[in-house]
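>>> sequence and predicted structure below; questions after.
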Amino acid sequence: MSRFTVFAFSFLVFGMSNCAPGRKAPGESDIARQVLPVSYAKGFAVENYGKYRKITVSDPWQQSKGIGFEYYLVDKSKDIPKELAGKQVIRTPVTRVICLSTSHIGFLSALHEISSLKALSGAVYVSDPEVQKAIAANEISDIGYEQSINYELILSLKPDLIMAYGVGGEVTGFLNKLRDLGLNVILNGEYLEESPLAKAEWIKFAGAFYNKEKEASDYFTWIDKNYNAVCQKVRDVKTHPVVLTGLPFKDAWWMAGGHSNLATLIRDAGGEFLWKDNPSRESFVVSLEEVVMRSAKADFWINCGTVNTISELISVDSRFAAFPQVQKKAIFNNNLKMSSRGGNDYWEQGVVRPDLILSDLVKIFHPECDNVKLFNFYKSIQ
């Protein structure tokens, strides 16, 4: 689903602090530079040089180390500075955009830029009603997925920008092909961030391409305030229920890393992730046998695939019937808001509303701290 092109600087080392800049291009001035404040996200930086802005994205796929991409944004009303010759230049604000992940819809929706979306990869799995309506009216196309990507359709849509993501290094081949076609592609690495707020802060990255840095920053400040207000509800809880997550796929159980944004959500909601000691921010494979053994320690089971009932869950593996969470019916899935064709709003709006996700988890783990019964993304599995 992801791919993207732009000038890669193989040994780009961009500091992982709040707003560390990348290396300056010839002619860049420290005096003129203004750095967009970034509080949590580690994967991008935005620097304004007056005549143009530079966006740096670092380590944008799993296991990538020391790999970076730079994009130079020049307003359509201005001439392209001579010092940007040979750089990846994107004219802004963009008005025709293709997204290669439905998770990017949340950013566009929060910025009120759904009208700029002209195509998607996997449009059938969209949950957002506004996007669904545009798809039905043939205003948004489906350009296919991975090996079936429709390059002719992409070219015919004349996009200003293609927003992609990378899972592994093999994405570079796809990105280079798009670049050879003269297309602007950017990598969005939000899913690799270790905290839900860091993930949501990528709205500042998306906002830069629409010349909406202020709107994006204001939106994120609001989300940050909401999220931390929810955290305060469980600040003094005495118990921290242990939480199992996920579901096996083809005998492999991909577990969220102990430093992933899901693990952070569980911790911030007053829970304890069953694999909290894992040092990775990325998913890793756990044997079903190990899950069976560890499950006895868990109080809750969340994010269990697409299941809607306990019987569906047990049909995946009969051993689940003996799990304490199944026997106590302490199972909650993040598929409350599903479209008729399988789109899940958790992966769209949830990307930019971690405060709502956290609120749901607090209701699950510590109902005594939140007396509002309605969920935003979760439901009880019976």
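Done, it's in.
>>> tell me how many other residues crowd Ser101.
Neighbour count of Ser101, defined by other Cβ atoms under 10 Å: 20. For every residue, glycine as well, the C-beta is placed using N, CA and C.
>>> what about the helices in this structure?
For the chain, the helices defined by DSSP state H occupy 105-110, 129-136, 151-157, 171-180, 196-200, 203-208, 213-233, 261-268, 288-294, 310-316, 324-327, 349-352, 354-365.
>>> could those be laid out in TSV, adding mean pLDDT?
Shown next, in TSV, are the helices of the chain (pLDDT from 0 to 100):
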stretch	mean pLDDT
helix 105-110	98
helix 129-136	95
helix 151-157	96
helix 171-180	82
helix 196-200	97
helix 203-208	98
helix 213-233	98
helix 261-268	96
helix 288-294	91
helix 310-316	95
helix 324-327	95
helix 349-352	97
helix 354-365	98
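>>> nearest to Gly66, of the ones you listed?
In terms of Cβ to Cβ, the element of those nearest to Gly66 is helix 171-180, at 14.3 Å.
>>> just how off-centre is the closest one within its chain?
Put simply, helix 171-180 sits 21 Å off its chain's centre (Cα atoms, centre = their mean, to the nearest Å).
>>> what residues of that helix count as buried?
Val171, Thr172, Phe174, Leu175, Leu178, Arg179 (16 or more other Cβ atoms under 10 Å).
>>> quick one: which of these is nearest to Ile162?
Leu178 (6.4 Å).
>>> that closest one contacts Ile162, correct?
Yes: between Leu178 and Ile162 there is a contact at 6.4 Å, judged by Cβ atoms under 8 Å.
>>> next up, the contacts around Val316.
Leu247, Pro248, Gly305, Val307 (Cβ atoms under 8 Å, 6 or more residues apart in numbering).
>>> same thing with Ser260?
Residues near Ser260 by Cβ under 8 Å, 6+ apart: Glu194, Ser280, Arg281, Glu282, Ser283.
>>> distance check, the fourth one against Trp301.
The gap separating Glu282 from Trp301 is 22 Å, by Cβ to Cβ, to the nearest Å.
>>> so which of the two has more stuff around it?
The residue with more neighbours, out of Glu282 and Trp301, is Trp301; 25 against 17, by other Cβ under 10 Å.
>>> ok, and the closest non-adjacent residue to the more buried one?
Leaving out its chain neighbours, the residue that sits closest to Trp301 by Cβ to Cβ, 6 or more residues apart in numbering is Gln325, at 4.0 Å.
>>> ok, the one you found to Lys297 distance?
Distance from Gln325 to Lys297, by Cβ to Cβ: 11 Å.
>>> so which of the two has more stuff around it?
Between Gln325 and Lys297, counted using other Cβ under 10 Å, the more crowded position is Gln325 (24 against 11).
>>> ok so, going back, now, among the contacts of Ser260, which is nearest to Gln34?
Among the contacts of Ser260, and counting by Cβ to Cβ, the member closest to Gln34 is Glu194, at 26.6 Å.
>>> how about the contacts made by Lys373?
Lys363.
>>> show me where pLDDT drops low in the stretch 1-150 of the chain?
Within the stretch 1-150 of the chain, the segments meeting pLDDT under 70 span 1-31.
>>> centroid-wise, who is the farthest residue in the chain?
Lys82 (34.7 Å; Cα atoms, centre = their mean).
>>> for Lys54, see how far away that residue is.
Taken as Cβ to Cβ, the span from Lys82 to Lys54 is 15 Å.
>>> can I get the buried residues of helix 171-180 in TSV with distance to Thr264?
Listed next are the buried residues of helix 171-180 as TSV, based on distance: Cβ to Cβ, whole Å:
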residue	distance to Thr264
Val171	25
Thr172	29
Phe174	30
Leu175	29
Leu178	33
Arg179	34
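>>> tell me the one of these nearest Asn228?
Val171 (34.3 Å).
>>> report the longest strand in the chain, please.
Looking across the chain with DSSP state E, the single longest strand is strand 68-75.
>>> next, give phi and psi for Thr95.
The phi and psi values for Thr95, taken as degrees, to the nearest 10, are phi -130, psi -10.
>>> give the contact list for it.
Residues near Thr95 by Cβ under 8 Å, 6+ apart: Ser116, Asp160.
>>> now it: how far from Leu84?
The spacing between Thr95 and Leu84, counted by Cβ to Cβ, is 21 Å.
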